[in-house]
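Peer 1: sequence plus predicted model, see below.
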Amino acid sequence: MRLQNFLKTLKTVKRSHRPNLSPKPNQAITEIISKTLNPSAPNAFLSNLNPTTLLHILTDPDLKSSKCLRFFDFLLQNQSLISFKPDLESHLTLICRLLRERRFSDAEKTIKSVSVGENSRYPFSVLAPAVGNCCNDPKVMAKFFNSMLKVYSDCKMLGGVSEVFDYMKNNGIGIDEKTCTVHLLALRSSDNVQLGLDFFYRMVESGIEVSVYSLTAVVDGLCRSGNVKRGRELVEEMSGGGIKPNVVTFNVMVDSCAKRWNLEELDMVLLLMEKEGVAFNDHTYKSLVDGFTSCGKVDEAKRLVLEMHDKGLKVDTYLYNLIINGYCRLGSMDGAIYLFDEMTHRSAFPNADTYWALISGLCKAGEMGLAMAYMNEMQTKGIELDDIMFNTLIDDFCNIGMVVQAFELQVLMEKKGLIADLTVCGKIVSGLCTLNRAEEAKRLLNLMVKRGATPEIARFTT
């Protein structure tokens, strides 16, 4: 059957303009669509297509929605082949079908094309009332407007988001709290903290059952902007209204306070956490340990780590490294060694960073014998020193006059295929000369020459 004749027949059988009057299945529709989408098919067949027939095609239950979408996109891209331009009703009819069949991504793309696309000609004031003319299912309508809110949010059309939200609220259309949360996260990512706070209050006032996830998104935005106090006050306010914070909400505030060394506000957050009956989790402890060690409250950090053990929580080596580093910065090597022994007793295994923190601290304290003992222990466990560690140790030995030990380390370093810095090599040569160990000094000097150390040659020749 030629397409022109079929379309005439279809037009006679389906006289009603409304597409939802149970169109009868017709295998020919599928065949025609398939031919149209075939690049080798004659496009002249589309000449008799009209808006009414298009609506029947878009609502035909025997035609898969994916094929409807492809056909509709084809028409939009090849409008010179048809005698009309697909109107708003055809767009909305397709969108509602996609939403009914839970093809949300495709529906959102189509909404975007008709509302915020380059050739957009339908503002929300036109779209909103037209939806009701194309759909009488309240659930599908709710999905439509929630999808539109998301599209406006993704496109950073904040005024459009407010317009959709108000329309849904005023017309009793169900607002999806998850969609609102996505918008809050978008506002947070774009640093629109005040807009996020305002939108959150509108959610609360609209009667939506607001979740802790939305609350946490706003608190996170406030904390990122440095306003932890306002975040805590919001949590207190919402908790009184029935929106209870969880450990994630508190971790956001704890982490922000710890990174900013805002210990006064941190105490207030921890008191509120205790009041709400929310227990610490691993992340809470990690944030606190990181914050306390960085601001010098190392003993408090150690107490928290031991508390983690008592509660049966896993303590990562990373946390021990933070505290050992903290003790070493304070010059408290007894505390560092005690914690090193404690971690091995607690079956937390030291790594290269652990050993290096301890060895470096011992070197700074002049405890070179202990530093070498831990270096040997480190190597027996299969943890090798890298070139930075070797150079630092050699430099420290030279600085306190232990040149022979520095030279031995340099030889060991070369055997392992690592290259010592010319600066530390120069210190070794100078020290060996002072000790009248000329042959060793000459050997090392020759090695430096091969590596292009000409300024050093002149200095040591003199």
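Peer 2: Perfect, thanks for sending it.

Peer 1: which residues does residue 403 contact?
Peer 2: Counting by C-beta atoms under 8 Å, 6 or more residues apart in numbering, residue 403 makes contact with 397, 427, 428, 431, 432, 434, 435. Backbone N, C-alpha and C define where each C-beta goes, glycine included.

Peer 1: just the buried subset of the residues you listed, please.
Peer 2: The neighbour-count test (16 or more other C-beta atoms under 10 Å) marks 397, 427, 428, 431, 432 as buried among those.

Peer 1: export the residues you listed to TSV and tack on distance to residue 380 and pLDDT?
Peer 2: Listed next are the buried ones among the contacts of residue 403 as TSV, based on distance: C-beta to C-beta, whole Å; pLDDT from 0 to 100:
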residue	distance to residue 380	pLDDT
397	21	84
427	28	85
428	26	86
431	28	84
432	29	85
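
Peer 1: how about these in JSON lines, adding secondary structure and distance to residue 59?
Peer 2: Below are the buried ones among the contacts of residue 403 laid out as JSON lines (DSSP: H, G, I helix; E, B strand; the rest coil; distance: C-beta to C-beta, whole Å):
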{"residue": "397", "secondary structure": "helix", "distance to residue 59": "85"}
{"residue": "427", "secondary structure": "helix", "distance to residue 59": "86"}
{"residue": "428", "secondary structure": "helix", "distance to residue 59": "87"}
{"residue": "431", "secondary structure": "helix", "distance to residue 59": "91"}
{"residue": "432", "secondary structure": "helix", "distance to residue 59": "93"}
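
Peer 1: farthest pair within those?
Peer 2: The span of these, defined through C-beta to C-beta, is set by 397 and 432 at 12.5 Å.

Peer 1: can you give me the helices in the stretch 51-200 of the chain?
Peer 2: Assigned by DSSP state H, counting those that start in this stretch, the stretch 51-200 of the chain shows helices spanning 51-58, 65-77, 88-100, 104-115, 124-134, 138-154, 158-170, 177-189, 193-205.

Peer 1: still on that earlier bit, closest one of the buried ones among the contacts of residue 403 to residue 205?
Peer 2: Looking across those and measuring by C-beta to C-beta, the closest to residue 205 is residue 397, at 69.8 Å.

Peer 1: where's the closest residue to that closest one other than its chain neighbours, which helix or strand?
Peer 2: Closest residue to residue 397 apart from its sequence neighbours, by C-beta to C-beta, 6 or more residues apart in numbering: residue 406 at 3.7 Å. Assessed by DSSP states H and E, residue 406 sits inside helix 403-415.

Peer 1: using the record's assignment, carve this structure into domains.
Peer 2: 176-278, 280-372, 385-462 (automatic domain parsing).

Peer 1: possible to save those domains as a markdown table with distance to residue 107?
Peer 2: A markdown table is the format used below for those (distance: least, C-beta to C-beta, whole Å):
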| stretch | distance to residue 107 |
| --- | --- |
| domain 176-278 | 13 |
| domain 280-372 | 37 |
| domain 385-462 | 55 |
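
Peer 1: ranking the ones you listed by mean pLDDT, which is last?
Peer 2: Of all the domains of the chain, mean pLDDT reaches its minimum on domain 385-462 (a mean of 79).

Peer 1: is it true that residue 330 touches residue 295?
Peer 2: No - counting by C-beta atoms under 8 Å, residue 330 stays clear of residue 295, with 11.6 Å between them.

Peer 1: helix/strand/coil for residue 384?
Peer 2: Following DSSP: H, G, I helix; E, B strand; the rest coil, the label given to residue 384 is coil.

Peer 1: list the contacts for it?
Peer 2: Neighbouring residues of residue 384 by C-beta under 8 Å, 6+ apart: 352, 416.

Peer 1: quick one on the thing from earlier: of the contacts of residue 403, closest to residue 356?
Peer 2: Once C-beta to C-beta is applied, the member of those that ends up nearest residue 356 is residue 397, at 15.8 Å.

Peer 1: and the helices in the stretch 351-462 of the chain, which stretches?
Peer 2: 352-364, 368-380, 387-399, 403-415, 422-434, 438-450, 454-461.

Peer 1: so how far is the first residue of stretch 170-181 from its last?
Peer 2: Length of stretch 170-181, first residue to last, C-alpha to C-alpha, to the nearest Å: 20 Å.

Peer 1: one step back: now the helices of the stretch 351-462 of the chain as TSV including distance to residue 198?
Peer 2: Listed next are the helices of the stretch 351-462 of the chain as TSV, based on distance: least, C-beta to C-beta, whole Å:
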stretch	distance to residue 198
helix 352-364	45
helix 368-380	56
helix 387-399	51
helix 403-415	62
helix 422-434	59
helix 438-450	67
helix 454-461	65
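
Peer 1: for residue 132, which of the ones you listed is the nearest?
Peer 2: Nearest to residue 132 among the helices of the stretch 351-462 of the chain is helix 352-364 (64.0 Å), distances taken as C-beta to C-beta.

Peer 1: which residues touch the closest residue in space to residue 220 that isn't next to it in sequence?
Peer 2: Closest residue to residue 220 apart from its sequence neighbours, by C-beta to C-beta, 6+ apart: residue 252 at 4.8 Å. Residue 252 is in contact with 216, 219, 220, 223, 231, counting by C-beta under 8 Å, 6+ apart.

Peer 1: of the residues you listed, which belong to helices?
Peer 2: Judged by DSSP state H, helices contain the following of the contacts of residue 252: 216, 219, 220, 223, 231.

Peer 1: neighbour-wise, which of the residues you listed leads?
Peer 2: Neighbour count (other C-beta atoms under 10 Å) singles out residue 219 as the most crowded of the ones in helices among the contacts of residue 252, with 30 neighbours.

Peer 1: so it touches residue 254, yeah?
Peer 2: No - contact criterion C-beta under 8 Å: residue 219 and residue 254 do not qualify, at 11.3 Å.

Peer 1: out of the helices of the stretch 351-462 of the chain, nearest to residue 66?
Peer 2: The nearest among these, by C-beta to C-beta, is helix 352-364 at 53.8 Å.

Peer 1: how about the closest one: buried residues?
Peer 2: Buried, per 16+ other C-beta under 10 Å, within helix 352-364: 353, 354, 355, 356, 357, 358, 359, 360, 361, 362, 363.

Peer 1: contacts for it?
Peer 2: For helix 352-364, the surrounding residues in contact (C-beta under 8 Å, 6+ apart) are 317, 320-321, 324-325, 327-329, 331, 333, 336-337, 340, 343, 368, 370-371, 374-375, 377-378, 383-384, 386, 389, 392-393, 396.

Peer 1: likewise for stretch 274-293?
Peer 2: For stretch 274-293, using C-beta under 8 Å, 6+ apart, the contacting residues are 239, 244-247, 250-251, 254-255, 257-259, 261, 266, 273, 298, 300-301, 304-305, 307-308, 313-314, 316, 319, 322-323, 325-326.

Peer 1: ok, which of the domains of the chain comes nearest residue 136?
Peer 2: Between residue 136 and these, the shortest gap by C-beta to C-beta is with domain 176-278, which sits at 20.0 Å.
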